[in-house]
Each structure stands twice: as structure tokens, then as C-alpha cells.
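Student: below are the sequence and a predicted model for it; my questions follow.
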Amino acid sequence: MQLQVIKRSDHKIMPWKNGLGVTAQIDIFPPAALFPGDDFHWRLSSAAVSTDSTFSQFPHCERWLVAWQGAGFVLNEKKLLPHEPLHFSGEEPLHCRLVNGEVLDLGVIFRPTKVRAEFSVVELKNAKPSDFATDAVVTYFFCAKGQVHADKELLQSGDTLKITGQGLVSLSSAGGATCYMIKVIDA
């Protein structure tokens, strides 16, 4: 099992596929893949959505999306409130309407012919460590709110712990925290 902390300051800033905004790419596989080209298996990214707009379409892909800061937004009449992940087809035409001002989102786009992704919300309520099995090809823990201690590492809001391989990781937070756990599993 290998642990890597990806700091928010290390994200690669790039334009949206539709050119209407920018996204912060956190990780992509394979590492040399070009996004949005056909050679990526999955990509984890975060974006600031500051106006109502159309979302980019990604044929032959599936997506998970969550609002981690802000009041949330509505995607084609589906209300997406903070910390409530939504799974949908990348081919689906989507229009985003903000609920009340700018939103920071976190999303994973993946090719279901290569991998599948699972997305869950983890609430850490006290300093007592909680153990999580990393039984996937890659497991990400994205710190959405608070501070998280992961073994000897400290994650701030917007930082990501990437775990490659299988094992057990312990997470804790003295003041409480919200994390998103994304597991990438072979198809």
C-alpha cells in the first residue's frame, strides 16, 4: 500500500471541455493521459461553478459529482445539495443552475469499460481513529471540511490522500471533518 498526499496547491488548472470555466485536476490515470482525450481511464477534479451554465458532455463515460462548498446547484431539476453525491451518465446533456452563489464541486469522470467508481461521504466526529479498508485499485480521501489526520499526514480542506493498493488506513479529526471516499475498482 502506498500513500500520497496531493495538496490543493498542487492541482493542475485547466479549462473546461466546453470552455465556460476552469477545473483543478487532482489526479488522472494513466498519469500521462490527456484530458479529455480517449486515453484516460479516470480523472478526479474540482471546479468552481460561479454562474448558471451548461455542463460538458463526456460520451462513453460516467460521472460522480458533489458540491463541497456553497449552497449547491440544480442539474436538470435534480437538486444537488452540499455533501450529497450524484451519479450520472457523462453523455447526459446537463444545465446547472446555482442555488445561492458560487459552488466548489468535486467530481470523478471514468470509463466504465475500464473501471468503475464508488463515492461515499465519511464524517469524522472525534479524535478517535476510524479504520478504512482500501480494497480498490486506488482509494482517494478528499478533505471537504475540517482537518484530517491520516497516519502521519495532515489533510486540510481541499487536500486529497491517494492510496494505491490494498491495506488499512486510519483517519481521525480532533475538531470533526467531512471527507469523500472515492474507490476506483477494475471493471
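Tutor: All right, it came through fine.
Student: any weak-confidence spans in the chain?
Tutor: 19-20 (pLDDT under 70).
Student: for it, identify the residue most remote from the centre.
Tutor: In terms of distance from the mean C-alpha position of the chain, Lys128 ranks first, at 24.8 Å (CA atoms, centre = their mean).
Student: residues near Glu102, how many?
Tutor: 13 (other CB atoms under 10 Å). C-beta here means a position set from N, CA and C on the backbone, and glycine is covered the same way.
Student: which residues does it contact?
Tutor: Going by CB atoms under 8 Å, 6 or more residues apart in numbering, Glu102 touches 48-50, 70.
Student: and the closest residue to it other than its chain neighbours, how far is that from Tyr180?
Tutor: Distances taken as CB to CB, 6 or more residues apart in numbering place Ser50 nearest to Glu102, at 4.5 Å, with adjacent residues excluded. Per CB to CB, to the nearest Å, Ser50 is found 21 Å from Tyr180.
Student: show me which of the two is the more surrounded one.
Tutor: Of the pair Ser50 and Tyr180, Tyr180 is the one with more neighbours under other CB under 10 Å, namely 22 against 13.
Student: what about the more buried one, which SS state?
Tutor: strand (DSSP: H, G, I helix; E, B strand; the rest coil).
Student: which ones are touching it?
Tutor: By CB under 8 Å, 6+ apart, Tyr180 lies in contact with 66, 68, 85, 106, 119-122, 140-142, 144.
Student: where along the protein do the helices fall?
Tutor: Assigned helices in the chain: none (criterion: DSSP state H).
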